[in-house]
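Participant: give me coordinates for this.
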Amino acid sequence: MGEGGTVLKALVTGGGGFLGGVIVRMLHERGDKVRSFSRGEYPALAALGVEQVRGGLEDRDAVTAAAKGCDLVFHVAAKAGIWGSYHDFYQANVVGTEHVIAACLNNGINKLVYTSSPSVVFDGSDVEGCNESLPYPAFYEANYPATKALAEQLVLAANSSELAVTSLRPHLIWGPGDNHLVPRIIAKGRAGKLRRIGSKPNLVDTVYVDNAARAHLQVADLLSPGSCVAGKCYFISNDEPLPLWEMVNRILAAADILPVTRSIPPKLAVAVGCICEALWGTLRLKGEPPMTRFVAHELATAHWFDISAARRDFGYHPEVSIDEGLLRLRHWLLPLRNK
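Facilitator: A predicted model of the protein is given here:
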C-alpha cells in the first residue's frame, strides 16, 4: 500500500512465474490491487481474483495496455536459461524492458521495480563480499547475463523526475513452487548426473523466494522520484553464504536424494563446456547442453555479496532462514516425490 494506507494497483510482469507469483500473492494479501501480465493463464492467480492479461513482452502495444491504470510496475518477467539464441534473449530481456519503460512513461506511472540478477556482474572469477560498485564485465559467457545487463542499464538510465526506478539483484532464488533451480538439481541428482566442480569450498549466496519477493515490496514502498532508492541497484540474498555443494546437498536431502560426492577438475568442466557449446551450436541439438563454460565457472567459484545497502536504504532483512526454508521446501516436495 502507498502512503497513508492507500490501496495501489500494481502490474506484475511474469506474475504467473515463481518469483512473480509470490510478489502477486504478497501484494494481494496486504490489500493492493494486482494485474498480472504473462503469456499463459494461471489457475492459482484466478483463485486469488487477480486480473490476468495475456501477452508477450515483445508486443509494445500489449505491454502498454496492460499497464494502463496502474500506479507501479514490477518487471519480473524475463527469458532465463543457460542456452538459446541471442536474438530470443535480446527480444525478451532488452526489447521487452524497453517496452515496459515506455509503458510506464506513456501511462504516467512513476514507479518501476526491475528484477535483475547478480550474474550481470559475473566475469567467471570469485566474487566475495562485493557491493554494488562491482562493474559490468567486458565479456559474458552466456546470453542471459549479457542481455540482463543491457536491460538493467536501460532501467537505471530511465530514472528521472518522471519515473523512479530500482533494480534488485536476487541471487539463486529457491523455495516451494520453484520451476527452475530446485527441479534441475533434483532431476540431475536423481539421475546421478551431478558432479562437484573442483574441491574448493566456494561460498555462495542464495535467497529464499519469500525474502526476495518481500524485498520488491519494501523497495517499492519507498520508491518515488528523488528518493534514496531511486536509480540504484541492490544485491538481495539470505546473507547466509554456504559452500555451494553443501547447499546443493541440502536441497537434495529435502527430496531424499543422496548427496553429491564425485567431482571433476574445473579445467575439465570448462573444456567439456566448450565442446558441448560447439556441438549444440553446430548441430543445433535440442534442449540445453549438459555443461557450458558459464555453468562450469559458476560452479567452480565463490559468489556472495554485501547486502548492507539494501539493509540501510529500505530495511531489507531475510525473514526466512535457510534452515526454515529447507523445511518448507521438504514439505512442498513430499507429494512430488513419486512423480
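Participant: SS state for V73?
Facilitator: strand (DSSP: H, G, I helix; E, B strand; the rest coil).
Participant: what strand or helix carries G40?
Facilitator: G40 belongs to no helix or strand when assigned by DSSP states H and E.
Participant: surely it touches G55?
Facilitator: No - when contacts are counted by Cβ atoms under 8 Å, G40 is not listed as touching G55 (10.5 Å). Glycine gets a C-beta too; all of them are placed from N, C-alpha and C.
Participant: quick one: which of these two has more around it?
Facilitator: G55 (15 against 10; other Cβ atoms under 10 Å).
Participant: that one: what's it in contact with?
Facilitator: 37, 39, 62-63, 66 (Cβ atoms under 8 Å, 6 or more residues apart in numbering).
Participant: again, only this time at 10 Å
Facilitator: 13, 37-39, 61-63, 65-66 (Cβ atoms under 10 Å, 6 or more residues apart in numbering).
Participant: surely V95 meets A78?
Facilitator: No - using Cβ atoms under 10 Å, V95 makes no contact with A78, being 11.8 Å away.
Participant: tell me, what's touching those two both at once?
Facilitator: In contact with both V95 and A78: 57, 147, 151, using Cβ under 10 Å, 6+ apart.
Participant: would TSV of the residues you listed with neighbour count be doable?
Facilitator: Formatted as TSV, the shared contacts of V95 and A78 follow (neighbours: other Cβ atoms under 10 Å):
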residue	neighbour count
L57	26
T147	25
A151	29
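Participant: from D32, how far off is D71?
Facilitator: 9 Å (Cβ to Cβ, to the nearest Å).
Participant: so for stretch 305-315, mean pLDDT?
Facilitator: Across stretch 305-315, the average pLDDT comes to 98.
Participant: restrict that stretch to CA atoms and write it as CSV.
Facilitator: Provided in CSV are the C-alpha atoms of stretch 305-315 (Å, rounded to 0.1, in the frame of the first residue of the first chain):
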residue,chain,number,x,y,z
PHE,A,305,27.5,-10.3,-1.9
ASP,A,306,27.4,-7.5,0.6
ILE,A,307,23.7,-6.6,1.1
SER,A,308,24.3,-3.8,3.6
ALA,A,309,23.0,-1.2,1.1
ALA,A,310,19.6,-2.9,0.9
ARG,A,311,19.5,-3.2,4.7
ARG,A,312,20.4,0.5,5.1
ASP,A,313,18.3,2.1,2.3
PHE,A,314,15.0,0.1,2.6
GLY,A,315,15.3,-2.0,5.7
